[in-house]
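[1] I'll drop the sequence and a predicted model, then ask my questions.
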Amino acid sequence: MATITALLREASSEIGSESARIDAELLLGFVLEKNSAWFIAHGDDELHPTVQAKFLELLQRRKAGEPVAHIIGSRGFWTLDLAVTADTLIPRPETELLVELAISKFSPDKKLRILDLGTGTGAIALAMASECKNSAVVAVDKSANALAVAIENARTNHLRVEFIQSDWFAGLQNRKFDLIVSNPPYIPSNDPHLSLGDLRFEPLSALVSGSDGLDDIRLIVSQSQKHCLPHAWLMIEHGFDQGEAVRGLFFEAGFVHVETVRDLEHRDRVTVGQWAEMP
Ligand code: GLN
């Protein structure tokens, strides 16, 4: 029988990706119903052969390319544990930057009206709901299947968000918000990364947006004004090479205090701007 430490070491080298060790721990944690902190104290424990067999089966799926979030059916985001399916984008750490920025612009007890466009698993909307307890959060997605996942995530995390099936602003009449956030699709349709890694398993509708990746961002920025309360902030995640173009769109639409913020890997990632219209 192998010890946990030996098994994790062997599995990590077999997976061989950048996140191999974390992947191996998440898979074993799923089988054992334990988190990674538990492994530190139990490295010398030996695994029961049935448990080991189950783990090796999941490891095979990971080695064949399937995302860990799909194998275990969940992904941690912010302080939340979110269900993930093939109908949703897998929440990513860089999107937490968007949540951080959103929180930094307002005092936590303010009563804000917040909108998350293209919510997917509900990641951003639910993180905002967990941080801004007095605020009313609305989240839209055009995919009914994605919304079902988001609604389930709200339930399991005991958070209240109003979910609406809508193609961007289409189903929102003239409702207005203090904060509009979005992690829309932004990958160019011919980007070779689409045939690599986790992206192969995620919905194209959550990833790809026209030949330059900016079709949806153009639409969101140009239509946001109608849904901004005075001094509202708009915050959009985008590709590392789209900062300048997205700032241009914000300026063109009349936003001020426009700035692009970099992620932990120092890549342009989120552009923010404030609606200038006076009350
Ligand atoms: N950040 C993702 C990636 O490049 C893309 C997600 C998105 O299009 N919103 O892998």
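    Yep, it's here.
[2] my guess is Glu14 contacts Gln60. True?
    No. If you go by C-beta atoms under 8 Å, Glu14 and Gln60 don't touch, sitting 9.4 Å apart. Just so you know, the C-beta spots here come from the backbone N, C-alpha and C atoms, and that holds for glycine as well.
[3] okay, these two: which has more neighbours?
    Comparing Glu14 with Gln60 by other C-beta atoms under 10 Å, the one with more neighbours is Glu14, at 14 against 11.
[4] how many neighbours does the nearest residue to the more buried one once chain neighbours are set aside have?
    In space, and not counting its chain neighbours, Glu14 is closest to Lys63: 6.2 Å by C-beta to C-beta, 6 or more residues apart in numbering. Lys63: 14 surrounding residues under other C-beta under 10 Å.
[5] again with Val149
    21.
[6] where do the strands of the stretch 151-279 of the chain begin and end?
    Using DSSP state E, counting those that start in this stretch, the strands found in the stretch 151-279 of the chain span residues 162-165, 177-182, 228-237, 255-262, 268-275.
[7] average pLDDT for the last one?
    Confidence over strand 268-275, taken as the mean pLDDT, stands at 98.
[8] now swap in the fourth one and tell me
    Along strand 255-262, the predicted confidence averages to a pLDDT of 98.
[9] which other helices and strands contact it?
    helix 243-252, strand 268-275 (3 or more C-beta pairs under 8 Å, 6 or more residues apart in numbering; DSSP states H and E).
[10] contacting residues around the first one?
    Residues outside helix 243-252 that contact it (C-beta atoms under 8 Å, 6 or more residues apart in numbering) are 212, 214, 217-218, 221-222, 234, 236, 238, 258-260, 268, 271, 273.
[11] just the buried residues out of the residues you listed, in PyMOL syntax.
    This is the PyMOL syntax for the buried subset of the contacts of helix 243-252, where burial follows 16 or more other C-beta atoms under 10 Å:
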select buried, resi 214+217+218+221+234+236+238+258+260+268+271+273
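[12] these two touch, right, Arg21 and Glu10?
    No. Between Arg21 and Glu10 there is no contact under C-beta under 8 Å: 11.4 Å.
[13] those helices in the stretch 51-200 of the chain, which residues are they?
    Assigned by DSSP state H, counting those that start in this stretch, the helices in the stretch 51-200 of the chain fall at 68-72, 95-104, 123-131, 144-156.
[14] just the angle between the third one and helix 144-156, please?
    Spelled out, it's helix 123-131. 20 degrees (axes from the mean of the first three to the mean of the last three C-alpha atoms, to 10 degrees).
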